[in-house]
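Trainee: Got a sequence here, can you build the structure:
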Amino acid sequence: MGKHHLGEFEEIVMLTVAILHGQAYGVAIIEEMETRLKRSVSIGSLQTVLKRLEEKGYLESEMGEATKMRGGKRKRYFKVTNMGKEVLRQAKDQRLGLWNAIPDFV
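Mentor: Residues are numbered from 1 along each chain as shown. Predicted coordinates:
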């Protein structure tokens, strides 16, 4: 196994941030995950994982502009770092290696 390890939910969050490419903020991430995975996601669990992934250096964030629509509140936008991209590549390779090792799997 590689130097870095991702839990399932961490991997899903990182993949979703990558999918949203520049538009990844809390509510958008939840909506994308729920639509694609048919799985309910709480804002609290998402915020916990986003913070942890940022601390690990796999994600980075910046604040967007304040908008009238949000009552002057700003959105925090996330993106996958180069280290995060490498960790995702490693996870993909590991999983594909396991799938490919199954004999006669349909």
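Trainee: how about the strands of this protein, start to end?
Mentor: With DSSP state E as the criterion, the chain has strands at 59-63, 76-80.
Trainee: Out of these, flag the one nearest residue 15.
Mentor: Ranking these by proximity to residue 15 (CB to CB) places strand 76-80 first, at 8.8 Å. All C-beta spots, glycine's among them, are computed from the backbone N, C-alpha and C.
Trainee: Any buried residues in the closest one, and which?
Mentor: Within strand 76-80, the residues scored as buried using 16 or more other CB atoms under 10 Å are 77-80.
Trainee: Just the CA atoms of that strand, as PDB, please.
Mentor: Presented in PDB, the C-alpha positions along strand 76-80 are these (Å, rounded to 0.1, in the frame of the first residue of the first chain):
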ATOM      1  CA  ARG A  76     -15.500  28.300   0.600                       C
ATOM      2  CA  TYR A  77     -14.400  26.600  -2.600                       C
ATOM      3  CA  PHE A  78     -12.200  23.500  -2.600                       C
ATOM      4  CA  LYS A  79      -9.900  22.000  -5.100                       C
ATOM      5  CA  VAL A  80      -7.700  18.900  -5.300                       C
END
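Trainee: which residues touch that strand?
Mentor: Strand 76-80 has contacts (CB atoms under 8 Å, 6 or more residues apart in numbering) with 14, 17-18, 21-26, 29, 50, 54, 58-64, 88.
Trainee: again, only this time at 10 Å
Mentor: Strand 76-80 has contacts (CB atoms under 10 Å, 6 or more residues apart in numbering) with 13-18, 20-26, 28-29, 47, 50, 53-54, 58-64, 84, 86-88.
Trainee: Now the buried members of the residues you listed.
Mentor: If we count by 16+ other CB under 10 Å, the contacts of strand 76-80 have these buried: 13-18, 20, 24-25, 28-29, 50, 53-54, 58-59, 61, 84, 87-88.
Trainee: Would you report which members of the residues you listed are assigned to helices?
Mentor: Within the buried ones among the contacts of strand 76-80, residues falling in helices by DSSP state H are 13-18, 20, 28-29, 50, 53-54, 84, 87-88.
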